[in-house]
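> coords please:
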Amino acid sequence: MVETRRQQIEDAASALFRERGYSATSVRDIAQALNLQGGSLYAHVASKEDVLWSIVERAADRFDAAVGPIAESGTPAPDRLRAMVRAHVGVITGDLGNAASFLHEWRFLSPERRAAVNARRDRYERRFRRVIRDGVTAGDFAPLDPRMTGMAVLSALNGIATWYRPAGDRRADDIAADYADLFLRSLRRTSSDD
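Model (predicted):
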């Protein structure tokens with residue numbers, strides 16, 4: 001696949017945003033990462049915020065594409081939640097820069113764009129809540145608050161973007177499996193729940 005200049009800019013920017021943060025990264029920094037003159041970057045992008053917006057939208061699309069079909073499948077809630085956790089971790093570890101920008105740097109967007117991201121994040125989180133609620137209703141999970149549980153699961157998963165290193169001693173698939181096992185064990189209904 002041939003990478004466009006715009007993709008190169010977004011990839012460089014997402015890596016810098018993850019490393020330094022959005023506000024500490026200048027357009028000049030992005031241009032230098034690509035061996036471009038600062039002004040020539042504007043031939044490809046309107047502003048640094050537009051780059052961030054594209055990165056955030058691309059990451060949101062990836063999360064939706066990976067998790068949405070699983071959440072909507074008719075499989076039992078524990079199976080769906082396991083697969084959703086694995087898919088979510090796969091998106092994070094598959095592109096750390098984009099994931100980190102989506103999870104953390106989106107707050108630097110304009111109010112209108114932040115509102116749009118918030119709406120997407122809420123829809124995404126509702127998928128987890130719905131699957132957890134389905135598990136509670138079916139008796140697979142202990143009686144618990146799906147909203148709080150969904151937030152706890154996603155908060156733990158999203159934290160991976162801050163510490164995961166591709167060259168580290170743990171493979172992304174192993175981390176995803178461990179997290180899925182941890183959540184499913186903690187949500188499982190026990191005899192004391194009756």
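> Distance-wise, check residue 72 relative to residue 80.
Remark: distance between residue 72 and residue 80 (CB to CB, to the nearest Å) = 9 Å. All C-beta spots, glycine's among them, are computed from the backbone N, C-alpha and C.
> Counting neighbours, go ahead and name the busier of those two.
residue 80 (23 against 11; other CB atoms under 10 Å).
> my guess is that one contacts residue 70, does it?
Yes - shown here, residue 80 and residue 70 form a contact pair, counting by CB atoms under 8 Å, at 5.7 Å.
> Other residues contacting the least confident helix or strand in the chain by mean pLDDT?
In the chain, the helix or strand scored least confidently by mean pLDDT, DSSP states H and E is helix 38-41, which has a mean of 71. For helix 38-41, the external contacting residues (CB atoms under 8 Å, 6 or more residues apart in numbering) are 9, 27-28, 30-31, 34.
> Quick one: distance of the following helix or strand past it to the chain centre.
Next helix or strand after helix 38-41 toward the C-terminus (DSSP states H and E): helix 48-72. In terms of CA atoms, centre = their mean, to the nearest Å, the gap separating the centre of helix 48-72 from the centre of its chain is 8 Å.
> For the spatially most central residue of the chain, which three-state class applies?
Geometric centre of the chain, nearest residue: residue 99, 4.8 Å, by CA atoms, centre = their mean. Following DSSP: H, G, I helix; E, B strand; the rest coil, we place residue 99 in the helix state.
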